[in-house]
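K.L.:
Give me a 3D structure for the following:
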Amino acid sequence: EVQLVESGGGTVQAGGSLRLSCAVSGFTFDDYVIAWFRQTPGKEREGVSCISGNDGSTYYADSVKGRFTISRDNAENTVYLQMNSLKPEDTAVYYCNAVRNVLGRRYDYWGQGTQVTVSS
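P.N.:
Here you go, the predicted structure:
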């Protein structure tokens with residue numbers, strides 16, 4: 001059974017830090033791109049950052065560049081999102097996503113989400 005379990009969310013004051021974790025199981029971790037998305041009520045889900053399984057290359061949305069760092073521990077099947085200098089506009093539910101495309105077939109899995117609240 002495929003599972004993605006996020007943890008590490010919470011409430012923090014502006015300027016503070018949080019580290020989110022996404023523990024995955026049920027598939028070959030190295031084969032997937034793991035991404036973090038976030039969503040606030042009434043808005044579309046927004047891509048925040050992602051990291052590839054094979055070469056570790058990363059991507060960051062402009063809104064978090066320089067403040068957030070994504071990393072992965074292939075031995076522990078876990079991806080982390082270190083979030084520093086948090087702003088109230090970072091408040092959202094953060095979701096972990098694993099995706100892989102093989103011969104035209106897309107494999108796409110989501111976690112249940114973890115709430116991040118940044119107070120001003």
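
K.L.:
how about the residue nearest to Asp30 when sequence neighbours are not counted, secondary structure?
P.N.:
Nearest non-adjacent residue to Asp30, counting by CB to CB, 6 or more residues apart in numbering: Gly53, 4.4 Å away. In short, each C-beta sits where N, CA and C put it, glycine included. Under DSSP: H, G, I helix; E, B strand; the rest coil, the three-state class of Gly53 is coil.

K.L.:
what are the ranges of the strands in the protein?
P.N.:
With DSSP state E, the ranges of strands along the chain come out as 3-7, 10-13, 18-25, 33-39, 46-51, 58-60, 68-73, 78-83, 92-102, 105-110, 114-119.

K.L.:
how about CSV for those strands, with mean pLDDT added?
P.N.:
Shown next, in CSV, are those (pLDDT from 0 to 100):
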stretch, mean pLDDT
strand 3-7, 96
strand 10-13, 98
strand 18-25, 97
strand 33-39, 97
strand 46-51, 97
strand 58-60, 97
strand 68-73, 96
strand 78-83, 97
strand 92-102, 96
strand 105-110, 94
strand 114-119, 98
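
K.L.:
Format those strands as TSV; extra columns: mean neighbour count.
P.N.:
Formatted as TSV, those follow (neighbours: other CB atoms under 10 Å):
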stretch	mean neighbour count
strand 3-7	17
strand 10-13	13
strand 18-25	18
strand 33-39	21
strand 46-51	19
strand 58-60	15
strand 68-73	18
strand 78-83	22
strand 92-102	18
strand 105-110	12
strand 114-119	17
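
K.L.:
tally of neighbours for the residue nearest to Asp30?
P.N.:
The criterion is other CB atoms under 10 Å. On that basis, Gly53 has 18 neighbouring residues.

K.L.:
Quick one: residues contacting it.
P.N.:
Listed by CB atoms under 8 Å, 6 or more residues apart in numbering, the contact set of Gly53 reads Phe29, Asp30, Asp31, Tyr32, Val33, Ile34, Arg72, Asn74.

K.L.:
cool, Asp108 as well?
P.N.:
Shown in contact with Asp108 (CB under 8 Å, 6+ apart): Asn97, Ala98, Val99.

K.L.:
how far away is the closest residue to the first one other than its chain neighbours from Trp110?
P.N.:
The one in question is Asn97. Closest residue to Asn97 apart from its sequence neighbours, by CB to CB, 6+ apart: Ala35 at 4.6 Å. Separation of Ala35 from Trp110 (CB to CB, to the nearest Å): 10 Å.
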